[in-house]
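Asks: Okay, here's the prediction I keep looking at, along with the sequence it came from:
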Amino acid sequence: MAPKLEIKSVNKSFKRTRALSDVSLTLRENEFVSLVGVSGCGKSTLLSIVAGLLDYDEGDILVDGAPMTGPGLDRGVVFQSYTLLPWLTARKNIEFALKAAGHKGAECRRIADEHLALVRLAKFADSYPHELSGGMKQRVAIARALSYRPKVLLMDEPFGALDAMTRHEMQTLLTRVWEQHKLTVLFVTHDVEEAVYLSDRIVAMTVGPGRIKTEFKVDLPRPRTQEIISTPEFMALQKRVLATIREDLVSDEA
Ligand SMILES: Nc1ncnc2c1ncn2[C@@H]1O[C@H](COP(=O)(O)OP(=O)(O)OP(=O)(O)O)[C@@H](O)[C@H]1O
């Protein structure tokens, strides 16, 4: 299948820190890939670079075969902090993004409502962000990122600020939306269970400098429900990924 996102030999240094060293990664169409690794291994740096929000020193990034030159509507971005505009309702937040993508009047409303229904928030279309819970705000952010049909969805710890129950609900919702919409997703998380549950492939990064260490293919059947978390296959893979990350914690302490 054709690659949707190609990251080729990317290097990035901040003043004193070599944040990324020769990072290469390719995502196929409809592939869900998670980045995991100890704090400081460069996960967020890589995602911000791919989003076009951060410069990089060397390398190439291609989205659907075209060189990436900055932020663009070919990539949808969802961060941990809810990036909704507080003075706009849920619907207007989505319409705002759709207008930027070139959609007009009634069409914006139709697409916004369709995506609010997708994340089960149809009844909250006229609510302002301060009237919504954390999970609801993040659902609006996901609806907004999907509304303009990006080629790739970039998510940085999108459920990190949510309580465990809401987090599980959001994971289930994201899996459902991913299955319906055939999305290509690059997902950053600290939570290995979340990575195994959601992903087709898990890429473990390592520190000093940040680079790719190992990849794990997730061969668990789909569609997945939360019950899969307690199966021996799931737990065995989770253990292997955790062991790889823990090696870095041990070498840090040594
Ligand atoms: N704006 C910046 N200025 C200087 N150094 C930075 C900056 N942003 C990140 N770094 C450094 O780059 C390295 C990678 O940071 P990054 O935030 O990408 O890691 P991470 O894996 O996402 O960490 P975490 O899991 O804690 O979010 C770290 O050493 C960090 O200190």
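Replies: Yep, it's here.

Asks: rest of the way, CA atoms for contacts and neighbours
Replies: Noted.

Asks: Would you mind measuring from Arg16 to Gly208?
Replies: Distance of Arg16 to Gly208, given as C-alpha to C-alpha, to the nearest Å: 12 Å.

Asks: Please say which of these two ends up with more neighbours.
Replies: Shown here are Arg16 and Gly208; by other C-alpha atoms under 10 Å, Gly208 has more neighbours (15 against 6).

Asks: What ranges does the stretch 151-254 of the chain have for its helices?
Replies: Counting by DSSP state H, counting those that start in this stretch, the segments of the stretch 151-254 of the chain that form helices are 164-181, 192-198, 232-253.

Asks: is the second one anywhere near the ligand?
Replies: Pointing back at helix 192-198 there. No: if you take C-alpha under 6 Å from any ligand atom as the test, helix 192-198 misses the ligand, and the best it gets is 12.2 Å.

Asks: Determine which stretch of the helices of the stretch 151-254 of the chain is the most buried.
Replies: helix 192-198 (a mean of 21; mean count of other C-alpha atoms under 10 Å).

Asks: State whether Thr184 and Glu31 are indeed in contact, as I suppose.
Replies: Yes: assessed by C-alpha atoms under 8 Å, Thr184 is found in contact with Glu31 at 5.0 Å.

Asks: Tell me which helix or strand in this structure has the weakest average pLDDT.
Replies: Ranking every helix and strand in the chain by mean pLDDT, DSSP states H and E puts helix 164-181 at the bottom, with a mean of 86.

Asks: Up against the ligand, what does the chain have?
Replies: Within the chain, the positions lying close to the ligand (C-alpha under 6 Å from any ligand atom) are 14, 17, 19, 38-45.

Asks: and Leu186, what are its bridge partners?
Replies: For Leu186, the beta-bridge partners are Val33, Leu154 (DSSP bridges).

Asks: Could you check how far Gly102 is from the ligand?
Replies: If you measure Gly102 against the ligand using C-alpha to the nearest ligand atom, to the nearest Å, the figure is 32 Å.

Asks: and that residue, what pLDDT?
Replies: According to the per-residue confidence, Gly102 scores 90 in pLDDT.

Asks: Can you check the distance spanned by stretch 75-88, start to finish?
Replies: Stretch 75-88 end-to-end distance (C-alpha to C-alpha) = 22 Å.

Asks: Enumerate the positions of it that are buried.
Replies: Buried positions in stretch 75-88, judged by neighbour count with 16 or more other C-alpha atoms under 10 Å: 75-79, 81-82, 84, 88.

Asks: I would like the residues contacting it, please.
Replies: Defining contact as C-alpha atoms under 8 Å, 6 or more residues apart in numbering, one finds that stretch 75-88 is touched by 51, 93, 128-130, 134, 137-138, 141-142, 145-146, 149-161.

Asks: need the contact list for Leu118.
Replies: 143, 177.

Asks: Thr206 too?
Replies: 37-38, 41, 212-213, 245, 248.

Asks: Neighbours of the closest residue to Pro3 other than its chain neighbours, how many?
Replies: Setting aside the residues directly before and after it, Pro3 is nearest to Arg28 in space (C-alpha to C-alpha, 6 or more residues apart in numbering), at 4.3 Å. The tally of other residues near Arg28 (other C-alpha under 10 Å) stands at 16.

Asks: shouldn't Arg28 be in contact with Asp64?
Replies: No: using C-alpha under 8 Å as the test, Arg28 is too far from Asp64 to be in contact (9.6 Å).

Asks: Which strand or helix spans Arg144?
Replies: helix 134-147 (DSSP states H and E).

Asks: average pLDDT across that helix?
Replies: The predicted model gives helix 134-147 an average pLDDT of 90.
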